[in-house]
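Student: Take a look and give me a structure for this.
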Amino acid sequence: MLEKRLKTIQTTIVVLTVLNIIILLGYLIISLTVINNETCPSEKPLFSDEKNQIFGQDNIVIHDLENKDIYFYDSSKSSVLNAKIGNNLNLEDYKEISIETSRDNSENYKVIYSAKAKAANLILDVRTKKSGPVTCKTYDWIVNEPFNSNYAKQEFEDCFYLGNASWYGQAENKNQQFWPINDIEFKEYSPYLTGLFGDIWSSILERYWLSSNGIAVIVDQSSPLFVKKNKTSFCLLASSKEPYHNQHLIVKLKYDICQIDKSSAKTDYLNQLQLFVINNYFAKPVGIPDERMFKSPIWSTWATFKKNINETTLKAFAHDILKNNFTNSQLEIDDKWQTNYGDFIFDTKKFPDMKGLITYLNDLNFRTTLWVHPFVNIEAKNFLEVSLAFLEVRAPDGLRPGITSWWDGIAAVALDMTNPNTTKWFHDQLEKIRSDTGIDSFKFDAGELNWLSRLFWLYNASFTPDQYSIEYVKMASNFGSLIEVRTGTQTQNFPIFVRMLDKDSTWGYDNGLKSVVTTALLMSILGYPFILPDMIGGNAYVFEGGEIVFETDLIAYPDYQLYIRWAQLTAFLPAMQFSIPPWHYNNRTQVPVNKICKDLVDLHEQIVYPILIEYANNAVATGEPIIRPLWWLDNSDLMALKISDEFLVGNDILVAPILDENKYKRDIYLPIGYWEAKNGTIYQGPKVLNDFPAPIEEIPYFLRKK
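Tutor: Next up is the predicted model:
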């Protein structure tokens, strides 16, 4: 009996020993497998189940994960867009890339990037939504793990090829305001925010690109966005680098690619897509600005007097305007009326009785507006009050003023427009000026991000930096329909004029006369119909040693041809603005500049103004622009897609200005329709008119016959 028990125990021990050996061998095999996977990833496919391509309709590849390509096709299976997404990702940093499809929508999917130790786990979420003939795909890159060092340094880069299409949109660009935007080049990444960052962007900007192939790319405002562009592509980069580094943003890149079915609307597919974007991603204006600003010229003191303004100069200026039989919408009192920048106190040496002066000008039927800005210089009395109340943009620690510089101050702070206490304080200061003096309204200058300190902290750290510009315009709009601003991003809904950046007194696309046309077309596509061109003839800056001299009695008068051609062009835009008076040319040339300009104002008021008001109200109702590219009449017209030196006022007037020196004739392209010239001749388009005459006193324009 004992021997039997011993034998049973021995058998049990053997069995247990064998089982332990098997378990140990199992652990060894698993460990070797893990090690092998870490050191020899090539033995296991990177893409789970080898699914490295995603197919659309008709079994066409629309996403190649291995090559990082996405493709869009039209109904005829022709390629309309190719992009590289995840362009900066090194696939060797990931042990597996898998795909999850949606049960609810077969066109929705997720790409999951499972990282090794030195990278972050990522997800690309792709979702599709349809609205009539427009299909939009959302591409949403996110980091799929808690915040850590890998998370913090993660960047996303997606690049889009221009292909054979013409592209529009993007931003006001000081030195390369081309139309279409294909030839614009800036090969290094720049923060995609309002302002001059490396002389690239400017004051008006939207995260929106429109292709003549029927494609729109719209980037979400939450993405900390940088952009670069060459003549073949543009690239988007999401990064926590300056100036996004201290805004506590989640690093993500999210955008929509919207495509319209061109077969459903062959001649106006681009118009339909444009209006879809305006109505779904931006906002139509809720009303129109002051109608008198549409009709009669604004007269500014800036280009003529610079900072040398006083009561005497303003009275003389007003009397000269009336003596030369010009009308006005308002007289704008520009820099420098105050004692110190940031103090809302009139310099009594220049303006001993400001209220009396405003009453005097009102009696002459002049409304008055005053130049203002969001800066407080350190020598201003308000500097201490603003700093102690934390009303300014702060340094990154949130404890010190964020000292910056601007064109009228080497040491100043910018008022923090994301702080409701600041906007109330600023509003109260301006309202007091208005109540004390009778000033009608204000010209709001600046508001762009490049004027903030290099490292800054905003009151509302949850805002992306461009919210600063949005809140500035929002605050300004509270002063009514008579104001003007010069910055715009996501502010299309306000019923106010948006002014182009200060123009130079030159002819070219690099901020000269040619850029007035292309900037107007750009603003229209970005959803800003109430376009205020800069002063006729440009700013007439005087330079010394390459620097602009602001305090001078000298005027660098633009050439009379440039001045006349500028006036002719702006006669067909939503507003006219003079500063250098046309009568100043009376003794400078035998050409009757003053009479020509007076005739242009009459033309604007009698013929153009009624059409402007009609289409301004239409912009409120539909989102359509007032100033339109020629392709608005026929999107299938390949020639019209590239025209940069003509434009439409609504659908009723075609304008072909002279934009070159010593040029008195030009070729004119007429799109589809019947067009009546000034002499009564009617032309049927599409048609090219070669060497159409344009003497110095004439601007070619045509009325569309219905």
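Student: Just read off the phi/psi values of Tyr468.
Tutor: The phi and psi values for Tyr468, taken as degrees, to the nearest 10, are phi -60, psi -50.
Student: Next one: it from Trp167, what distance?
Tutor: 28 Å (CB to CB, to the nearest Å). (C-beta placed from N, C-alpha, C; glycine too.)
Student: which one of these two has more residues nearby?
Tutor: The neighbour comparison of Tyr468 against Trp167 (other CB atoms under 10 Å) goes to Tyr468, with 30 against 22.
Student: burial of the nearest residue to the more buried one once chain neighbours are set aside, as a residue count?
Tutor: Closest residue to Tyr468 apart from its sequence neighbours, by CB to CB, 6 or more residues apart in numbering: Met417 at 5.4 Å. Neighbourhood size, Met417 [other CB under 10 Å]: 26.
Student: which residues does the residue nearest to the spatial centre of the chain bridge with?
Tutor: Centroid-nearest residue in the chain: Leu205, 0.9 Å away (criterion: CA atoms, centre = their mean). With DSSP bridges as the criterion, Leu205 is bridged to Ala171.
Student: got the contact list for it?
Tutor: Neighbouring residues of Leu205 by CB atoms under 8 Å, 6 or more residues apart in numbering: Gln170, Ala171, Glu172, Tyr192, Leu193, Thr194, Asp466, Gly488, Thr489, Leu526.
Student: Let's see if you can find the most crowded of these.
Tutor: Thr194 (29 neighbours).
Student: from what I can see that residue touches Thr489, true?
Tutor: Yes. At 5.5 Å, Thr194 and Thr489 qualify as touching, with contact defined as CB atoms under 8 Å.
Student: overlap in contacts of the two?
Tutor: Ile204, Leu205, Asp466, Ser469.
Student: From those residues, which shows the smallest pLDDT?
Tutor: Lowest in pLDDT among the shared contacts of Thr194 and Thr489 is Asp466, which has 90.
Student: I'd like to know how far that one sits from Leu193.
Tutor: Relative to Leu193, Asp466 is positioned 5 Å away (criterion: CB to CB).
Student: What mean pLDDT does stretch 162-169 get?
Tutor: The average pLDDT for stretch 162-169 rounds to 98.
Student: hmm, I was thinking of stretch 70-89
Tutor: 95.
Student: Which residues outside that stretch are in contact with it?
Tutor: 56, 58, 60-64, 68-69, 113, 122, 124, 139, 141, 155-161, 163, 165, 211, 213-215, 235, 237, 257, 259, 261-263.
Student: Just the buried ones out of these, please.
Tutor: Using 16 or more other CB atoms under 10 Å as the burial test, the contacts of stretch 70-89 include 62-63, 68-69, 113, 122, 124, 139, 141, 155-160, 163, 165, 211, 213-215, 235, 237, 257, 259, 261-262 as buried.
Student: Tell me which entries of those residues lie within strands.
Tutor: Counted as lying in strands by DSSP state E, out of the buried ones among the contacts of stretch 70-89, are 62-63, 69, 113, 122, 124, 139, 141, 156-160, 211, 215, 235, 237, 257, 259.
Student: From the contacts of Leu205, which shows the smallest pLDDT?
Tutor: Within the set of these, pLDDT is lowest for Asp466 (90).
Student: Can you tell me how far it is from Ser76?
Tutor: Distance from Asp466 to Ser76, by CB to CB: 39 Å.
Student: One more: Glu676?
Tutor: Glu676 is 38 Å from Ser76, where distance means CB to CB.
Student: Then Tyr94?
Tutor: 36 Å.
Student: The two: who's more crowded?
Tutor: Each of Tyr94 and Ser76 had its neighbours counted (other CB under 10 Å), and the higher figure belongs to Tyr94 (20 against 8).
Student: Apart from its chain neighbours, what residue comes closest to the more buried one?
Tutor: Nearest to Tyr94 is Tyr113, by CB to CB, 6+ apart, at 4.9 Å.
Student: which helices and strands does the helix or strand harbouring Ala520 pack with?
Tutor: Under the criterion of DSSP states H and E, Ala520 resides in helix 513-525. When contacts are defined as 3 or more CB pairs under 8 Å, 6 or more residues apart in numbering; DSSP states H and E, helix 513-525 packs onto strand 167-173, strand 201-211, strand 531-532, helix 560-570, strand 627-628, strand 647-649.
Student: Tell me the gap between that helix and the middle of its chain.
Tutor: 12 Å (CA atoms, centre = their mean, to the nearest Å).
Student: what does stretch 348-363 give?
Tutor: With CA atoms, centre = their mean, you get 38 Å for stretch 348-363.
Student: and if you look at stretch 632-640?
Tutor: Counting by CA atoms, centre = their mean, stretch 632-640 is centred 24 Å from the centre of its parent chain.
Student: and the helix or strand harbouring Thr304, what other elements does it pack with?
Tutor: Using DSSP H and E, Thr304 sits in helix 302-305. With contacts taken as 3+ CB pairs under 8 Å, 6+ apart, helix 302-305 sits against helix 311-323.
Student: Okay, now the sheet partners of whatever helix or strand comes next after the helix it packs on, with direction.
Tutor: Counting by DSSP H and E, the next helix or strand C-terminal to helix 311-323 is strand 330-333. Note on strand 330-333: by DSSP bridges, its sheet partners are strand 298-300 (parallel), strand 368-372 (parallel).
Student: List of residues touching strand 330-333?
Tutor: 292-293, 298-302, 309, 314, 317-318, 321, 361, 366-371, 440-441, 443, 482.
Student: rewinding a little: with distance to Met354 as new columns, can the helices and strands packed on helix 513-525 be given to me in JSON lines?
Tutor: Shown next, in JSON lines, are the helices and strands packed on helix 513-525 (distance: least, CB to CB, whole Å):
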{"stretch": "strand 167-173", "distance to Met354": "34"}
{"stretch": "strand 201-211", "distance to Met354": "29"}
{"stretch": "strand 531-532", "distance to Met354": "25"}
{"stretch": "helix 560-570", "distance to Met354": "30"}
{"stretch": "strand 627-628", "distance to Met354": "37"}
{"stretch": "strand 647-649", "distance to Met354": "39"}
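Student: Minimum distance to Phe276: which of these has it?
Tutor: strand 201-211 (10.7 Å; CB to CB).
Student: Extract the C-alpha trace of the closest one and format it as PDB.
Tutor: What follows is strand 201-211, C-alpha atoms only, in PDB (Å, rounded to 0.1, in the frame of the first residue of the first chain):
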ATOM      1  CA  TRP A 201       1.200  87.100 -44.700                       C
ATOM      2  CA  SER A 202      -0.600  90.300 -44.100                       C
ATOM      3  CA  SER A 203      -3.800  91.600 -42.400                       C
ATOM      4  CA  ILE A 204      -6.500  89.500 -44.000                       C
ATOM      5  CA  LEU A 205      -6.300  85.700 -43.800                       C
ATOM      6  CA  GLU A 206      -8.400  82.600 -43.900                       C
ATOM      7  CA  ARG A 207      -7.500  78.900 -43.700                       C
ATOM      8  CA  TYR A 208      -9.100  78.300 -47.000                       C
ATOM      9  CA  TRP A 209      -7.800  77.200 -50.400                       C
ATOM     10  CA  LEU A 210     -10.100  76.900 -53.500                       C
ATOM     11  CA  SER A 211      -9.200  74.900 -56.700                       C
END
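Student: how many other residues sit next to the nearest residue to Glu332 once chain neighbours are set aside?
Tutor: The shortest distance from Glu332 to any non-neighbouring residue, by CB to CB, 6+ apart, is to Ser300 (4.3 Å). Using other CB under 10 Å, Ser300 is surrounded by 24 other residues.
Student: Enumerate every residue touching Ser300.
Tutor: By CB under 8 Å, 6+ apart, the contact set of Ser300 is Glu332, Asp334, Met535, Gln577, Phe578, Ser579.
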